[in-house]
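S.K.: what's the 3D shape of this:
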Amino acid sequence: MRTVPAGITRLIGNTPLIRVRLFEQEFPDLEVYAKAEWFNPGGSVKDRPALAMIEDGEKRGALTQQKTIIDSTSGNTGIAYALVGAAKGYRVKLVMPGNVSSERKSIVTAFGAEIVYSDAGEGSDGAIQMVRELVERDPDRYFYPDQYSNPANPRAHYEGTAVEILEQTGGRLTHFIAGLGTTGTFVGTARRLKEHDPSIHTIAVQPDDSFHGLEGLKHLPTAIVPRIWNESFADEIWYCPTEPAYDLARKVAREEGLLIGHSSGAALWAVRRLAQTVKKGAIVTVFPDSGDRYLSTGLYGRR
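M.R.: Numbering: from 1, shown residues only. Here you go, the predicted model:
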């Protein structure tokens, strides 16, 4: 008889690596793979660091049942906090920009978390500033993981995402591409991949402007730079425009049945740009979430 995992959090990680064939006709010698992170129970890559940060807080004694988990989020980490908090019996309070998609707001509240909205025009930085003010006013009330500064964030990818990629590819990947939000996915994964093989070429992707439509990604030159960001693990940093990322997200949905989000479209933009240069190799990227939580944003409402 097979053993059944005890609790939903045990299902976080070990997501499939999917072959993406969007560019095969143009680049037949190039293999492209993507970690399908929407297979996590909370629907995104953020389940990994959320669980890691909460369990780290428990181990350190910083998180107790008397405290409320609080953090700023553009959506996916908030959903992950809400899911893990519900599973472990913690109260969760989230500061989110007012323009976060309605789907993500609804999912967070479905898990019983409280939302405080920051100014939409200030983006994720406004949410960061607001959560810091709330914690400063009543520090004993909250456990503040601070996903932008917490080393448990990239460690979740160092110990999980990267190890899975190496196992799933047999370690033969030549390039790794990931977007920059908190930067944890890129930093943790790239660090571990570089330790395995320093020749693996790593490319970090961010929006090309501070006013962009790539939810979940940060334009670091004009944003509060996460403390966990470490540029030394990036061989290159590319700046992605919004519309081409949208176009590729729609294209892969219609041609391969992969309904992906904004930041996954940015990853595909970087894959295509890289393919035009290298033409052969094995590229691995990360699709952070599914497009089903962006249906109200217009990502799939345009042609």
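
S.K.: Quick check: which element contains the spatially closest residue to Leu268 that is not a sequence neighbour?
M.R.: Spatially, and ignoring its direct neighbours in sequence, Leu268 is nearest to Leu248 (4.1 Å; C-beta to C-beta, 6 or more residues apart in numbering). All C-beta spots, glycine's among them, are computed from the backbone N, C-alpha and C. Using DSSP states H and E, Leu248 maps to helix 242-256.

S.K.: Give me the buried stretch members for that helix, please.
M.R.: The neighbour-count check on helix 242-256 (16 or more other C-beta atoms under 10 Å) flags 242, 244-246, 248-250, 252-253 as buried.

S.K.: ok, and what's touching that helix?
M.R.: 20-22, 207-208, 212-214, 258-262, 264-266, 268-269, 272, 291, 299-300, 302 (C-beta atoms under 8 Å, 6 or more residues apart in numbering).

S.K.: Which other helices and strands does the following helix or strand past that helix contact?
M.R.: Downstream of helix 242-256, the next assigned helix or strand under DSSP H and E is helix 262-278. Applying 3 or more C-beta pairs under 8 Å, 6 or more residues apart in numbering; DSSP states H and E, we find helix 262-278 packed against strand 30-36, strand 175-179, strand 201-207, strand 236-240, helix 242-256, strand 281-287.

S.K.: Pull out the CA atoms of helix 262-278 and give them to me as CSV.
M.R.: Below are the C-alpha coordinates for helix 262-278, written out as CSV (Å, rounded to 0.1, in the frame of the first residue of the first chain):
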residue,chain,number,x,y,z
HIS,A,262,3.1,37.2,-17.4
SER,A,263,6.5,36.4,-16.0
SER,A,264,6.6,33.0,-17.8
GLY,A,265,6.0,35.0,-21.0
ALA,A,266,9.1,37.1,-20.1
ALA,A,267,11.1,33.9,-19.6
LEU,A,268,10.0,32.7,-23.1
TRP,A,269,11.1,36.1,-24.6
ALA,A,270,14.6,35.5,-23.1
VAL,A,271,14.7,31.9,-24.4
ARG,A,272,13.9,33.1,-27.9
ARG,A,273,16.5,35.9,-27.7
LEU,A,274,19.1,33.4,-26.5
ALA,A,275,18.1,30.9,-29.2
GLN,A,276,18.9,33.4,-31.9
THR,A,277,22.5,33.5,-30.6
VAL,A,278,23.4,29.9,-29.5
